[in-house]
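**Student:** need coordinates for the following:
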Amino acid sequence: MPRYMALIYAPEAQMDPSSPETQKMYAAYGAFTEEVQKAGVMLGGEGLLPTTTATTVRVRGGKTATTDGPFAETKEQLIGYYAFDCKDLDEAVHWAAKIPDATRGSIEVRPILEM
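**Tutor:** Next up is the predicted model:
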């Protein structure tokens with residue numbers, strides 16, 4: 001079966017770990033993760049620390065340069081991912097639509113390149 005990445009983008013400014021809304025979102029993620037595990041489609045998934053912890057790496061002319069933070073300024077940041085094993089794109093989209101942050105951010109679904 002094809003494998004898909006569901007890249008989760010959401011506004012980091014709305015993610016105060018102590019807020020009741022964020023705690024509800026964490027609970028929703030726990031329930032969703034359990035659901036996709038029981039369905040047998042989850043290959044993996046992780047949340048990411050805020051973009052303030054990111055380092056962007058570029059190599060130009062054989063020299064490595066690093067920059068603090070993400071590559072681009074955006075309203076939504078990459079905050080995590082799930083990897084799914086689905087029969088087709090429709091099934092991957094079905095699961096991506098259930099990711100809790102789909103209600104306030106966006107989920108990018110992409111097939112994984114099989115090497």
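
**Student:** contacts and neighbour counts: CA atoms only from here.
**Tutor:** Fine.

**Student:** quick one: contacts of the top helix by length along the chain?
**Tutor:** Longest helix of the chain, by residue count under DSSP state H: helix 20-39. Applying Cα atoms under 8 Å, 6 or more residues apart in numbering, the external contacts of helix 20-39 come out as 14-17, 42, 95, 98-101.

**Student:** which of the residues you listed sits closest to Ala65?
**Tutor:** Of all these, Ala65 sits closest to Met15, with 29.9 Å by Cα to Cα.

**Student:** dump the residue contacts of Ala92.
**Tutor:** 4, 84-86, 109.

**Student:** run the angle between the helix or strand harbouring Gly45 and helix 20-39 for me.
**Tutor:** Per DSSP states H and E: Gly45 is located in strand 42-47. Counting by axes from the mean of the first three to the mean of the last three Cα atoms, to 10 degrees, strand 42-47 lies at 160 degrees to helix 20-39.

**Student:** now the element after strand 42-47, going C-ward?
**Tutor:** With DSSP H and E, the next secondary element past strand 42-47 is strand 55-60.

**Student:** check which element follows that next one along the chain.
**Tutor:** That would be, after strand 55-60 and using DSSP H and E, strand 63-68.

**Student:** helix or strand right after that following strand?
**Tutor:** With DSSP H and E, the next secondary element past strand 63-68 is strand 77-85.
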